[in-house]
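Peer 1: This is the structure alone, sequence omitted:
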């Protein structure tokens, strides 16, 4: 199956950097140009890794991803940053839609509860994938202080968030003892530099209340001096862990790969009627459900 409009077919080739965040990541507003992408300290089996799924050669993607470096004896987070990518012009910055994400204000970050901090430019495009419907649910557990910080109750909460950029040169992820040049992929519709950042279980089937607690503990509500209360575990479906081989890419379903076509096969084709795609044993395990992240600000 190919979904390609005539307008898209006639348009110039796209050049785009995509940062794909999967799982338990919070985006803290760090000023007019940047977010700090925060991965929490967790007591469960979450792992923090990064790379490009298209570089995976083994049966499990985790075997080919790099681990973020962090000294557990250090009370401060390990600092990383995206280099070579310009933040969007102030008139073109894409703000998160509170209907599609948990958006909280009036918070400060508690760095003792943060494992990894990644300084990322504010994007021109924000996209979300693997959504679970939350309309009408109380994701705060009735906590009035958190409700006062919540922009609105989101209609859908998503497990994958993608930041996209159009102004860049040799984009890289740089951190302690790390320098990772984001790989370029040339597809039929353009050139794409994809960096996937994972904060999710490696060996468990679902997320738990510990995951929500880990995310909440990274922040303090300024007005009351305690952690917010948000439930980021998605009960519909099950978390699928790191994606397997080619068709799963970043844990997206086949129909979602059509929307995120730069992570699709080089010919941009995706037959949604197939349960066994090239290089994959069995049907895709990428179903909605697992751990969501959130956006936070002061």
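Peer 2: Received the coordinates, thanks. Note that this is a predicted model, so its numbers are computed, not measured. Residues are numbered from 1 along each chain as shown.
Peer 1: which one is residue 82 nearest to, not counting chain neighbours?
Peer 2: Nearest-residue entry for residue 82: residue 120, 4.9 Å, with adjacent residues in sequence omitted and distances by C-beta to C-beta, 6 or more residues apart in numbering. All C-beta atoms are positioned from the backbone trio N, CA, C, and that covers glycine.
Peer 1: contacts for the helix or strand hosting residue 180?
Peer 2: Using DSSP states H and E, residue 180 falls within strand 178-181. Strand 178-181 has contacts (C-beta atoms under 8 Å, 6 or more residues apart in numbering) with 50, 51, 66, 68, 69, 80, 170, 171, 172, 173, 174, 195.
Peer 1: For the third one, list each beta-bridge partner.
Peer 2: According to DSSP bridges, the residues that bridge with residue 66 are residue 50.
Peer 1: partner strands of the strand holding residue 180, parallel or antiparallel?
Peer 2: Using DSSP bridges, the strands paired with strand 178-181 in its sheet are strand 168-175 (antiparallel).
Peer 1: and the strand it pairs with, which residues are buried?
Peer 2: Buried residues in strand 168-175, counted by 16 or more other C-beta atoms under 10 Å: 168, 171, 172, 173, 174, 175.
Peer 1: do stretch 118-125 as well
Peer 2: Neighbour-count burial for stretch 118-125 [16+ other C-beta under 10 Å]: 118, 119, 120, 121, 122, 123, 124.
Peer 1: same deal with stretch 19-38?
Peer 2: Within stretch 19-38, the residues that count as buried by 16+ other C-beta under 10 Å are 19-30, 34-38.
Peer 1: gap between the two ends of it?
Peer 2: From its first residue to its last, stretch 19-38 covers 14 Å (C-alpha to C-alpha, to the nearest Å).
Peer 1: so where do the helices sit in the stretch 151-298 of the chain?
Peer 2: Listed in chain order, the helices of the stretch 151-298 of the chain (DSSP state H, counting those that start in this stretch) span 209-216, 245-248, 254-259.
Peer 1: if you average pLDDT over each of those, which comes out lowest?
Peer 2: Between these, the one with the least mean pLDDT is helix 245-248; it has a mean of 33.
Peer 1: hang on, residue 50 packs against residue 199?
Peer 2: No: using C-beta atoms under 8 Å, residue 50 makes no contact with residue 199, being 9.8 Å away.
Peer 1: So those two - more neighbours on which side?
Peer 2: residue 199 (28 against 24; other C-beta atoms under 10 Å).
Peer 1: quick one: pLDDT of residue 283?
Peer 2: We note a pLDDT of 34 for residue 283 in this prediction.
Peer 1: Look up which helix or strand the nearest residue to residue 160 once chain neighbours are set aside falls in, please.
Peer 2: Leaving out its chain neighbours, the residue that sits closest to residue 160 by C-beta to C-beta, 6+ apart is residue 129, at 4.1 Å. According to DSSP H and E, residue 129 maps onto strand 125-133.
Peer 1: Please pull up the helix or strand immediately following that strand.
Peer 2: helix 144-149.
Peer 1: Just the residues contacting that next one, thanks.
Peer 2: The contact list for helix 144-149 (C-beta under 8 Å, 6+ apart) reads 104, 105, 106, 107, 140, 221, 223, 224, 226, 228, 229, 230.
Peer 1: can you pick the most crowded of those residues?
Peer 2: residue 228 leads the contacts of helix 144-149 on contacts (other C-beta under 10 Å) with 26 neighbours.
Peer 1: where along the stretch 51-200 of the chain do the strands fall?
Peer 2: 66-67, 78-85, 103-104, 107-109, 114-121, 125-133, 156-165, 168-175, 178-181, 184-187, 190-201 (DSSP state E, counting those that start in this stretch).
Peer 1: Please name the bridge partners of the nearest residue to residue 297 once chain neighbours are set aside.
Peer 2: In space, and not counting its chain neighbours, residue 297 is closest to residue 29: 3.8 Å by C-beta to C-beta, 6+ apart. In this entry, residue 29 is beta-bridged to residue 35, by DSSP bridges.
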